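>>> any chance you could fold what I've pasted below:
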Amino acid sequence: MSRYMYRLFVLMMEKYNFKVNLRLAHLWGLRDADGNWHGAVGALNRSQVDFCITGLRWANERYGVYEQTAAAYYAQFLFIFRHPKSVDSISVFLSPFDLTVWIAITLLGVGSAVL
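You can find the predicted model right below:
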């Protein structure tokens, strides 16, 4: 549980006057070969816990195993790239790839054109 979710949950506990016992799940939810769920999803499925607060990602294999409510927050992931030192030549676009990558791309292009 993130700090944001914990603070939100404490506010709910104060407003609605209830207490909980927190349990730590080391997995989100994995299904074994027998079809049994482990982790937080398994605890929900076996009714060992009443609800779960986590950043659980929605996955197709978990559809129908538990009921998801509305998200309390949205996380946005960004990638930051270092700007190249010289921008005046075409080598800026070619330099990130190794020679073997260019050979593989060329062979793939020729192979696709032949088919």
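
>>> when you work out contacts or count neighbours from here on, use the C-alpha atoms and nothing else.
Will do.

>>> and residue 19, how far from residue 95?
Distance check for residue 19 against residue 95: by CA to CA, to the nearest Å, it reads 59 Å.

>>> so where is this protein shaky, pLDDT-wise?
Residue ranges of the chain with pLDDT under 70: 1, 55-58, 73, 84-94.

>>> quote the end-to-end distance of stretch 30-45.
Distance across stretch 30-45, first residue to last, is 12 Å (CA to CA).

>>> which positions in it come out as buried?
Across stretch 30-45, burial judged by 16 or more other CA atoms under 10 Å covers 37, 38, 39, 40, 41, 42, 43, 44, 45.

>>> make JSON lines out of these and add secondary structure and distance to residue 66.
Putting the buried residues of stretch 30-45 into JSON lines (DSSP: H, G, I helix; E, B strand; the rest coil; distance: CA to CA, whole Å) gives the following:
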{"residue": "37", "secondary structure": "strand", "distance to residue 66": "11"}
{"residue": "38", "secondary structure": "strand", "distance to residue 66": "13"}
{"residue": "39", "secondary structure": "helix", "distance to residue 66": "13"}
{"residue": "40", "secondary structure": "helix", "distance to residue 66": "10"}
{"residue": "41", "secondary structure": "helix", "distance to residue 66": "7"}
{"residue": "42", "secondary structure": "helix", "distance to residue 66": "9"}
{"residue": "43", "secondary structure": "helix", "distance to residue 66": "10"}
{"residue": "44", "secondary structure": "helix", "distance to residue 66": "7"}
{"residue": "45", "secondary structure": "helix", "distance to residue 66": "7"}
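
>>> what's the closest of these to residue 111?
Residue 111 lies nearest to residue 37 out of the buried residues of stretch 30-45, by CA to CA, at 44.1 Å.

>>> alright, calling it a day.
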